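Student: A predicted structure for the sequence below; I have some questions about it.
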Amino acid sequence: TAAKVGAAAIGAASTAVTAFAASSVKVGAEFDSSLSQVAATLGLTMNDIQNNVNGAGETFEALSAKAREMGGSTIFSASEGAEGLNILAMSGYSAGQSMDMLEDVLHLAAAGSMDMASAAGFVSGAMKGFSDDTKDAGDYADLMAKGATLANTSVAQLGDAMSSGAAGAAAYGQSADSMTVALLRLAEQGDVGAAAGTALSATMKDLYTPTDQAKKALSELGITAYDSNGNARDFNEVVNDLSEALSGMTAEEAAAYKQTIFGIQGLNAYNKMTVTGIAKQEEWAVALAEASDGLGEAAKQYDTMTNNLEGSLKGWGSAVDELKISVAEGLTPSIKEFVDFGTSGLQQVTAAFKSGGLSGAMDALGDMPTLWLNDPDWKIYYRHSFNHPQYMGEHADVTHSICGDGNEIDGRIEKSVIFNNVIVENGAEIKDSIILSNCVIKAGAKIEYAIIDSGVTVDEGAVVNKSHDCLPNRSEERRVGKECRSRWS
C-alpha cells in the first residue's frame, strides 16, 4: 500500500544518506591526509598552523583552497590536487610557487593521460634543470604537450626525457626549445623517455667538452661548438654542421672521425639525430615557439581531452568529492573527538596493564575521563528523534527489568517496567513495580508493588508500597513526599 511504499522509500533514503555520510568521511580523511603531507613537506607543524606562526595557518588554508578549487572544477580530485602540490613542494618550490604551478601541471596530466604526481615531477624537473626565469610551468607544459603531437613520442615520454636531460642541456647553454627539437629527432628513431635525455646529454658532452683528439678532429672539419664570443651555439645547428661536413667523405673516413669525436652513447644518439632533415627541424621549431600562444597547448589539449562523456563523468565525480569534503568538514570534528577519546583511554589502559597487570588496567578504567552522552554540545543521532538513548549511571543496578528510551538510571531496579524519560537517582530502589513516563524517583526513595502514574515525583526518602494510602490528588501536583511511608523491610 501507499504506507508501505512510503516506509520503504524513507528506509532507502535513510540508507543512502548514511552511505553518503560514510563515504564523505572517507573522502574527507583522504584529503586531510594528502594536505597534511604537503604541510609536512613544506615544514609546517600543526602548532604553527593552529597558531598561525609566520602565517602558517593562512598558508595551509590557501593550499587547501587551491587543491579544492582544482578538485571542484576539473576532472581531478582535491586529493590529487594536494598530491601535485606535494610533489612540487618536494622539488623545493614554496607554497606560493606550487599553487601558481598547479593548474599547468593539471593540464599536462590530462593532456598526457597521466597522474598528477608524474606531471608535477616532469614540469618541476624541467624547470629546475633549466632555471630559466623567462619560462614558467605553463611554458614547459606546453612544450611537452605540443612536442608529443609532432613526433613519435607521448607526453609522458617527452616529459620524462626533458626532466632527465634539462640540467645537462642547461649546462651547455641550450634552451628548452632547442632541447625539445633534439629530443624529437631521437624520438623519431625510437629513443624516448629518460634514456633519450641521458643519451642527449652524452652527445652534448662530446661536442661541448671534447677530448684533445676530438677537439683536433672537429677543428679539421671546421666545426666549433662555440661562437666568437665564447657562447655555446645551438646544439641542433652544431649537429647539422657536423653531418654536412662528413657527408662528402667515404663511409670509412666519416666513421673514423665520428669514433674520434664521440663516445659509444653519444655516437649512437648522433647517428639517430642526423636522420631527421633540416626542414622538419625548422617546422618543429616554429610549432614549439607557438606552443604557449593564447590559451597554451596543454590547456587546449585539456579542453579537448575532457570534452566528452568520460570527461564529464570525471568532472562530476570530482565535484561530488568536493561536496563530500564539505560534508566531512561538519562531521569530522565530532568523529575525531570521539576517536581521540577512545585512543587516549586505550593508551591509558594498555600502559596500566603493562605496569600493573589486570588490576592496574581495572584501576586505570576508573581514571578515564567521563563520557557524558547527554552533553547538549555533543549531538548523538538516534533512531527516535524525541528521546535520547537510555543512560545507566555508575551506581545503576538493573535486573529482570525493562527500561524505555530517555531514562537516566543511577539506582536499583528489580523486576520492574520503567517507561520513557524516567529519572532514578542514586540510592533509589524500585521493585516489582511499573513507573510510567516522565517520573522522577529521587535518592533514597523506595517503591515496591506499585504503579506510579506519569509525571509523578517521588521525593527523597519516600516509601511507596502495596499498603500505603498516600495517593496524590489528581487535581494537584502529583508528588509523593516523605510522609507517605508504609511497611518496608
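Tutor: Right, received. Where do you want to start?
Student: Share the number of residues neighbouring A89, please.
Tutor: A89 has 24 neighbouring residues, counting by other C-beta atoms under 10 Å. In this view, the C-beta of every residue, glycine as well, is placed from N, C-alpha and C.
Student: and it, that's in a helix?
Tutor: Yes. Read with DSSP: H, G, I helix; E, B strand; the rest coil, A89 is one of the residues of a helix.
Student: quick one, what contacts it?
Tutor: By C-beta atoms under 8 Å, 6 or more residues apart in numbering, the contact set of A89 is V38, T41, L42, A95, S98.
Student: cool, and G266?
Tutor: Listed by C-beta under 8 Å, 6+ apart, the contact set of G266 reads A199, A202, T203, K205, D206, L207.
Student: most neighbours, which of the residues you listed?
Tutor: T203 (27 neighbours).
Student: where does it sit relative to I264, distance-wise?
Tutor: Distance from T203 to I264, counting by C-beta to C-beta, to the nearest Å: 11 Å.
Student: If we only consider the contacts of A89, which is nearest to G455?
Tutor: G455 has its nearest neighbour among these in V38, at 58.6 Å by C-beta to C-beta.
Student: Could you pull up the residues touching the closest one?
Tutor: By C-beta under 8 Å, 6+ apart, V38 lies in contact with L63, A82, L85, N86, A89.
Student: In this structure the third one contacts S64, no?
Tutor: It stands for L85. No. The pair formed by L85 and S64 falls short of the contact definition of C-beta atoms under 8 Å, at 9.8 Å.
Student: and the two? which has more neighbours close in?
Tutor: Neighbours were tallied for L85 and for S64 using other C-beta under 10 Å; the higher tally belongs to L85 (31 against 20).
Student: Report the buried residues of the helix or strand hosting the more buried one.
Tutor: Here L85, judged by DSSP states H and E, is contained in helix 78-90. For helix 78-90, the neighbour count (16 or more other C-beta atoms under 10 Å) marks 78-90 as buried.
Student: Following element in sequence after it, please.
Tutor: Counting by DSSP H and E, the element after helix 78-90 in chain order, helix or strand, is helix 95-111.
Student: Please compute how far that next one lies from its chain's middle.
Tutor: Computed by C-alpha atoms, centre = their mean, to the nearest Å, the chain-centroid distance of helix 95-111 equals 16 Å.
Student: Mind listing residues that contact the next helix or strand after it?
Tutor: Counting by DSSP H and E, the next helix or strand C-terminal to helix 95-111 is helix 116-130. With contact meaning C-beta under 8 Å, 6+ apart, helix 116-130 is reached by 76, 80-81, 83-84, 87-88, 91-93, 101, 104-106, 108-109, 112, 135-137, 140-141, 143-144, 156, 159-160, 162-170, 175-176.
Student: and stretch 445-465, C-alpha only, in CSV?
Tutor: Provided in CSV are the C-alpha atoms of stretch 445-465 (Å, rounded to 0.1, in the frame of the first residue of the first chain):
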residue,chain,number,x,y,z
ALA,A,445,13.0,6.6,47.7
LYS,A,446,11.7,3.0,47.9
ILE,A,447,9.0,1.7,45.7
GLU,A,448,7.6,-1.8,45.8
TYR,A,449,4.4,-3.4,44.3
ALA,A,450,3.3,-0.1,42.9
ILE,A,451,2.2,1.6,39.7
ILE,A,452,3.4,5.2,39.6
ASP,A,453,1.4,7.4,37.2
SER,A,454,3.2,9.6,34.6
GLY,A,455,4.7,12.9,35.7
VAL,A,456,4.9,11.9,39.4
THR,A,457,7.9,12.9,41.5
VAL,A,458,8.7,10.6,44.4
ASP,A,459,10.7,12.7,47.0
GLU,A,460,13.9,11.7,48.8
GLY,A,461,13.3,9.0,51.4
ALA,A,462,9.6,8.5,50.4
VAL,A,463,8.3,4.9,50.6
VAL,A,464,5.6,3.6,48.3
ASN,A,465,4.4,0.0,48.5
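Student: where does this protein dip in pLDDT?
Tutor: 1-29, 307-349, 352-353, 358-387, 467-489 (pLDDT under 70).
Student: Mind doing that once more with 50?
Tutor: Scanning the chain for pLDDT under 50 picks out the ranges 3, 6-7, 9-10, 12-14, 17, 333-336, 338, 473-477, 485-489.
Student: For S77, the count of nearby residues, please.
Tutor: 28.
Student: ok, it to F235 distance?
Tutor: Taking C-beta to C-beta, one finds S77 at 40 Å from F235.
Student: which residues sit in contact with D139?
Tutor: Shown in contact with D139 (C-beta under 8 Å, 6+ apart): A176, A291, S292.
Student: cool, M249 as well?
Tutor: Y257.
Student: State the phi and psi torsions of it.
Tutor: Note on M249: its backbone torsions stand at phi -100, psi 170 [degrees, to the nearest 10].
Student: And stretch 142-160, what's buried?
Tutor: By 16+ other C-beta under 10 Å, the buried positions in stretch 142-160 come out as 142-148, 150-151, 153-160.
Student: Would you mind measuring from H107 to D139?
Tutor: 12 Å.
Student: ok so, going back, including neighbour count, could the contacts of D139 go into CSV?
Tutor: Output for those, formatted as CSV (neighbours: other C-beta atoms under 10 Å):
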residue, neighbour count
A176, 22
A291, 24
S292, 20
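Student: Please flag which of those sit within strands.
Tutor: Nothing among the contacts of D139 maps onto strands, per DSSP state E.
Student: Tell me which two in the contacts of G266 are the farthest apart.
Tutor: The most widely separated members of the contacts of G266 are A199 and L207, with 13.1 Å between them, by C-beta to C-beta.
Student: leaving aside the residues next to it on the chain, what's closest to A428?
Tutor: Nearest residue to A428 in three dimensions, chain neighbours excluded: G411, at 3.6 Å (C-beta to C-beta, 6 or more residues apart in numbering).
Student: wait, isn't the one you found in contact with E429?
Tutor: Yes. Counting by C-beta under 8 Å, G411 does reach E429; the two are 6.3 Å apart.
Student: Of the two, which one has the most company?
Tutor: Neighbour count, other C-beta under 10 Å: between G411 and E429, G411 has more, with 24 against 19.
Student: Distance of that one relative to I423?
Tutor: The value you get for G411 to I423, if C-beta to C-beta is used, is 9 Å.
Student: between those two, what contacts are shared?
Tutor: I441.
Student: which residue sits closest to A299 in space, ignoring its chain neighbours?
Tutor: H107 is the one closest to A299 (C-beta to C-beta, 6+ apart), at 4.9 Å.
Student: again, but for L35
Tutor: A82 is the one closest to L35 (C-beta to C-beta, 6+ apart), at 4.9 Å.
Student: I'd guessed the one you found sits against F31; true?
Tutor: Yes. Using C-beta under 8 Å, A82 is in contact with F31, at 6.6 Å.
Student: got any residues that touch both of those two?
Tutor: Residues touching both A82 and F31 (C-beta under 8 Å, 6+ apart): A67.
Student: ok so, going back, looking at the contacts of A89, spot the one nearest M273.
Tutor: Nearest member of the contacts of A89 to M273, counting by C-beta to C-beta, is S98, at 35.4 Å.
Student: gap between that closest one and I430?
Tutor: Note on S98: its distance to I430, by C-beta to C-beta, is 66 Å.
Student: show me where the stretch 201-350 of the chain has strands.
Tutor: Using DSSP state E, counting those that start in this stretch, no strands are found in the stretch 201-350 of the chain.
Student: Could you count how many residues lie near G248?
Tutor: G248: 8 neighbours (other C-beta under 10 Å).
Student: how about it, what does it touch?
Tutor: Neighbours of G248 in contact, by C-beta under 8 Å, 6+ apart: none.
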